[in-house]
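In: Structure for the following, please:
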Amino acid sequence: CNYTQVYNSTYDEYVDVDEDYTIRLHDKLNLIVEEPVEVLPSTSSAPLPATPLSAVSLPTLCTGLATAYTLPEPTIDLKEMIAKAEKGKVSNQLRHRIIRWLHADLCKYDLYPAKRDLYSEAARHLVFKYRQLGDLPGCGIGSWKEALKNRTKNQRKRMADIREVAEERAKWAKVARSPSRTTARGLTQHRFATTLPSYAIGEDEASIEAHTEFLKKEMRKPAETRNQAMIMDAMNRTFSKRREWILEEPRTVDDVLEMYPALDLKEEVLTECFRITGIHVEVEVPKFFESKGDKVQHVLRENKHRTGAPTLTQSCRYLEYGQGSSSRFRRTRGSCVGVFIYKNHG
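Out: Now for the predicted structure:
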């Protein structure tokens, strides 16, 4: 038996555990067993790795190592760096070294590794051999897979004179020019643009989905039994993806609360405002109205009976808060947003 996985109800899958983990009563275990594979004569000189056999059926991403890829041996200095790494604390320097090492090896197989799913294979083999390099959420390979993909795409931009790359580009250029791929002129569709990354560092699509599902399950529990610390942590981890989702198209309050029910909590509403603006609403709102309350009242009174009354953004432009420093501007904007969040929440 090479190692044991334990079922995690939060992520709804089996996850790796440390050697010092104590197995508890009612834990669901998955034993990963390695058996030698008989290698048949082949024209390929690359050896086939041993294939782990799982006692429990798991998603393809988390089980077994394919026999099409073999993890290369790292250099002596890289091997020492990996040995010193701690679970969940892989330095950027080490991560860059590993990505360059694996990318150079993948190019021996194919300049387009995605065709053979080699990104996933390389990441699986890496985490299988060096457990401390695995991502904390999900199956542990998400960030490695994406980093390899990005590295390969960037390196191919410098290979325009290589025949394989030139042929692939010509093929896709032809597809792009085909009638089925062209859009009618004059048709435009407006979308919000955001510079926020889709995922926080160490997160991927699978882990974000797991955090989102955890929030929904946790919010269905009675208030006194909820784990508030884990709710806040999951909300922090899903913030970038949540902002991207909200800005994709207009969302109603019901839509947002259905996807992220924790935003129905007063504490999370205030924290979300801080995540967006960097402003503590409960502190800055009173300060704002102490200095700008008369002007706010004047603006709202003048526009109360006017047809097509201005929106919040337009009304805020009437306030002379932009004349101060940028930090003061952010405080004022955060205060205004906070007032309307309070109103909608109430």
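In: need the strands for the stretch 51-200 of the chain, in chain order.
Out: Secondary structure of the stretch 51-200 of the chain (DSSP state E, counting those that start in this stretch): strands at 51-54.
In: Below-threshold pLDDT in it: ranges please.
Out: Within the stretch 51-200 of the chain, the stretches with pLDDT under 70 are 51-68, 137-139, 158, 160, 172, 174-200.
In: hey, where'd the helices end up in it?
Out: Using DSSP state H, counting those that start in this stretch, the helices of the stretch 51-200 of the chain run over 76-84, 92-109, 118-129, 142-156, 163-177.
In: do the same with the stretch 201-346 of the chain
Out: 205-219, 228-237, 239-248, 253-259, 266-277, 281-303, 312-318, 326-345.
In: that older thread, for the helices of the stretch 51-200 of the chain, which one sits closest to residue 217?
Out: Residue 217 lies closest to helix 142-156 among those, at 21.4 Å (Cβ to Cβ). Placement of C-beta: from N, CA and C, glycine included.
In: related to what we said a few turns ago, who wins for proximity to residue 239 among the helices of the stretch 51-200 of the chain?
Out: helix 142-156 (17.5 Å).
In: Using CSV, write out every CA atom in that closest one.
Out: C-alpha atoms of helix 142-156 as CSV (Å, rounded to 0.1, in the frame of the first residue of the first chain):
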residue,chain,number,x,y,z
GLY,A,142,-4.8,22.5,-10.6
SER,A,143,-2.2,25.2,-10.3
TRP,A,144,0.6,23.1,-11.8
LYS,A,145,-1.5,22.2,-14.8
GLU,A,146,-2.4,25.8,-15.5
ALA,A,147,1.2,27.0,-15.0
LEU,A,148,2.5,24.4,-17.5
LYS,A,149,-0.2,25.4,-20.0
ASN,A,150,0.7,29.1,-19.8
ARG,A,151,4.4,28.5,-20.0
THR,A,152,4.0,26.3,-23.1
LYS,A,153,1.7,28.9,-24.8
ASN,A,154,4.2,31.7,-24.1
GLN,A,155,7.1,29.7,-25.4
ARG,A,156,5.3,28.8,-28.6
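In: what's next to that helix, contact-wise?
Out: With contacts defined as Cβ atoms under 8 Å, 6 or more residues apart in numbering, helix 142-156 is touched by 95, 98-100, 102-103, 106-107, 111, 113-114, 119-120, 122-123, 126-127, 133, 135, 165, 201-207.
In: What's the per-residue pLDDT of residue 290 here?
Out: Per-residue confidence at residue 290 stands at 78 (pLDDT).
In: what's the burial count for it?
Out: 8 (other Cβ atoms under 10 Å).
In: Report the separation between it and residue 302.
Out: As judged by Cβ to Cβ, to the nearest Å, residue 290 and residue 302 stand 21 Å apart.
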